[in-house]
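> The sequence and its predicted three-dimensional model are supplied below.
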Amino acid sequence: MSASHNLSALLILLERAEAERDAAAQVLQQALARAAAARSQATQLSDYRLEYQQRWTRQFTQRTTVDILGCYQTFGTRLDQAISSQGHVASHAEGHVEQAREQLRERELRVASVRKLIERRQLEQLQRQRRQEQKATDEQAARAALQRFAPALSL
């Protein structure tokens, strides 16, 4: 395989690795957005629970019935369950963020590795080219010296 063909194959590989890295970055951004939304919703539910408790605390200072107290407790229990569930959703979303970060790191490492390989191949190609040029220059100098000394040797 020629050096230029090898280099063009590496450039195609680099292009693909960069596309995969870009896709992984987009997945990470989406995961971050979902995690932020889940955290925000969990916070909103917790804030609402606090407001609800404060409102009912004021209500209980007045006269209330057993039925209203039962409704309060039932709704409070459901609200606690919703908060707990949303906390799990937020934790799960954070797990996806970490997975997406790891995948992005792997893709970035691959891009860097391919770039480094391309740099090495380009350097090797440049060194080969310089050696060929040096060899050609040496051969030309040897021929020129031979032509200068050839008439003296034939005497």
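That came through, no problem.
> wait, doesn't G87 sit right on R39?
No - counting by Cβ atoms under 8 Å, G87 stays clear of R39, with 9.3 Å between them. In this view, the C-beta of every residue, glycine as well, is placed from N, C-alpha and C.
> In this structure, where is pLDDT below threshold?
By pLDDT under 70, the weakly predicted segments of the chain are 1, 3, 152-155.
> Please enumerate the helices of it.
Using DSSP state H, the helices of the chain run over 3-61, 66-153.
> May I see those organised as JSON lines, with mean neighbour count added?
Formatted as JSON lines, the helices of the chain follow (neighbours: other Cβ atoms under 10 Å):
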{"stretch": "helix 3-61", "mean neighbour count": "14"}
{"stretch": "helix 66-153", "mean neighbour count": "13"}
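> For the most centrally placed residue in the chain, which residues are in contact?
Nearest to the geometric centre of the chain sits L104, at 2.2 Å (Cα atoms, centre = their mean). With contact taken as Cβ atoms under 8 Å, 6 or more residues apart in numbering, L104 is in contact with R21, A24, A25, V27, L28.
> gap between the residue nearest to it when sequence neighbours are not counted and A100?
Counting by Cβ to Cβ, 6 or more residues apart in numbering, the nearest residue to L104 once its immediate chain neighbours are dropped is A24, at 4.3 Å. Distance, A24 to A100, using Cβ to Cβ, to the nearest Å: 7 Å.
> And for D80?
30 Å.
> Off-centre distance for stretch 117-124?
25 Å (Cα atoms, centre = their mean, to the nearest Å).
> Show the contacting residues for A23.
Counting by Cβ under 8 Å, 6+ apart, the residues that A23 touches are R107.
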